[in-house]
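K.L.:
here's a sequence, model it:
(one chain, ligands or ions: 1)
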Amino acid sequence: MPLYLLIAEYYTLFIPYFWQRKEIHSYFWRTFTRNIQTQSNMSIATLLLNWYQENKRSLPWRETQDAYAIWVSEIILQQTRVAQGMDYYRQFLTAFPTVTHLAEASQTDVLRIWQGLGYYSRARNMHKAAQMVQEQFGGCFPNTYNALLTLPGIGPYTAAAIASFSGNAPYAVVDGNVFRVLSRIFGIDTPIDSTPGKKLFAALAQEQLDKSQPALYNQAIMDFGALQCTPAQPACSTCPFLEQCEAARNGLTTLLPVKSPKQSSKTRYFWYFDAWNGNHTYLQQRTQKDIWQGLYQPYLIEAPLTEQELYTLPFIQETKAHIIAISPVYKHVLSHQVIEARFVKIEIAQENSTLKQMQKISDTELDLYPVSRLIEKYRIKAYSLNK
Ligand code: SF4
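P.N.:
Alright, predicted model coming up:
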């Protein structure tokens, strides 16, 4: 039998079987897309860099190669939009212009500058990292990938960003923008937050990187994701990848990238006692390993209490408190939990043992103590109405 007939028979018999077996189908699909990737390596980098020439954003952290300033911007932007992060970036560098200034500041001062940005572990880690840089690198912020990875709060993404932006080192960044762009162009549905997904995208991003100009390439793909290939409404009709983009060709833009199913979030019930004694109030620092560690708060009882139960609480009775106001519920959504908080404003007649252990501060000193966004929102509303 001629060879071409043998090959035809082989495929007639086996292709339907392969197609029914999802994992085998998926293997062939990946092999096929890998071939596309290999063929289009250069063109993807070139197209991105051409697009970047025309569309790049002017951002202050792009104007510097100072690894410290780039680090500050990268940590701020991890969970924050660029527009909101810009002011914080400037304020942070004004307060702590060098890593030495940051290392020598108190944690409270660092958290005060960070107040309102959320995810406060970022600020605490920055403070620790600055102290390590001071001790281990003589106050000179490192810019090599491996040295950066030794600092708290710096993972592969941040290390790649700092090393490439400050030293043009050939490391591909893989942030939310990069996941989105690559998953759509290559039609990859592996969840981006799964271990296999992280490995796959890290390898693919590194493969696509233009190693002759990594800083420019990384900035280009991040801006492309932020401006063109946006989460909700990507501008496909004007996209330079329209012809080769698997998601656009197959109507999958709203389905990619894929994330693992969300963990259900738990609800916590907070009752804060905004206690006043004349023009003094009381704050305590959150020291336990929990949300808002290091921030300050009024006395807190975490329990699903009713309003009636408030009046019989030992805290109210021991302080002979007069209840001035009970706030409505403030709902505060965090990544894996929802806080339902209420604030009870009270005037006390005497301090009890709990209040004696807290910091007694005057109303003029309130701004010196960093608090969560939740408490800030309460204060803005309650104090402008009541004080
Ligand atoms: S064609 Fe659309 S989905 Fe594909 S890369 Fe361009 S903007 Fe993104």
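K.L.:
need the distance between the two termini of stretch 71-89.
P.N.:
Using C-alpha to C-alpha, to the nearest Å, one end of stretch 71-89 lies 10 Å from the other.
K.L.:
buried ones in that stretch?
P.N.:
Buried residues in stretch 71-89, counted by 16 or more other C-beta atoms under 10 Å: 71-78, 80, 85-86, 88-89. Quick note: C-beta positions are derived from backbone N, CA and C, even for glycine.
K.L.:
distance from it to the middle of the chain?
P.N.:
What separates the centre of stretch 71-89 from the centre of its chain is 10 Å, taken as C-alpha atoms, centre = their mean, to the nearest Å.
K.L.:
ok, now stretch 364-373?
P.N.:
Centroid separation for stretch 364-373 versus its chain: 24 Å, with C-alpha atoms, centre = their mean.
K.L.:
ok, now stretch 64-81?
P.N.:
The mean C-alpha position of stretch 64-81 is separated from the chain mean by 12 Å, C-alpha atoms, centre = their mean.
K.L.:
then stretch 356-374?
P.N.:
With C-alpha atoms, centre = their mean, you get 27 Å for stretch 356-374.
K.L.:
same thing with stretch 166-181?
P.N.:
On C-alpha atoms, centre = their mean, the centre of stretch 166-181 falls 15 Å from that of its chain.
K.L.:
which residues are contacting that stretch?
P.N.:
With C-beta atoms under 8 Å, 6 or more residues apart in numbering as the contact definition, stretch 166-181 has outside contacts at 65-67, 70, 143-145, 156-157, 159-161, 163-164, 192, 198, 201-202, 205-206, 208-209, 211, 213-215, 217-218, 221-226, 229, 231, 256-257.
K.L.:
again, 7 Å this time
P.N.:
For stretch 166-181, contacts defined as C-beta atoms under 7 Å, 6 or more residues apart in numbering pick out 65-67, 70, 143, 145, 157, 160-161, 163-164, 192, 201-202, 205-206, 209, 211, 214-215, 218, 221-222, 224-226, 229, 231, 257.
K.L.:
ok, now which ones touch the residue nearest in space to the middle of the chain?
P.N.:
Nearest to the mean C-alpha position of the chain, counting by C-alpha atoms, centre = their mean, stands Gln79 at 2.6 Å. Taking C-beta under 7 Å, 6+ apart, we find Gln79 in contact with 118-119.
K.L.:
where does it sit: helix, strand or coil?
P.N.:
coil (DSSP: H, G, I helix; E, B strand; the rest coil).
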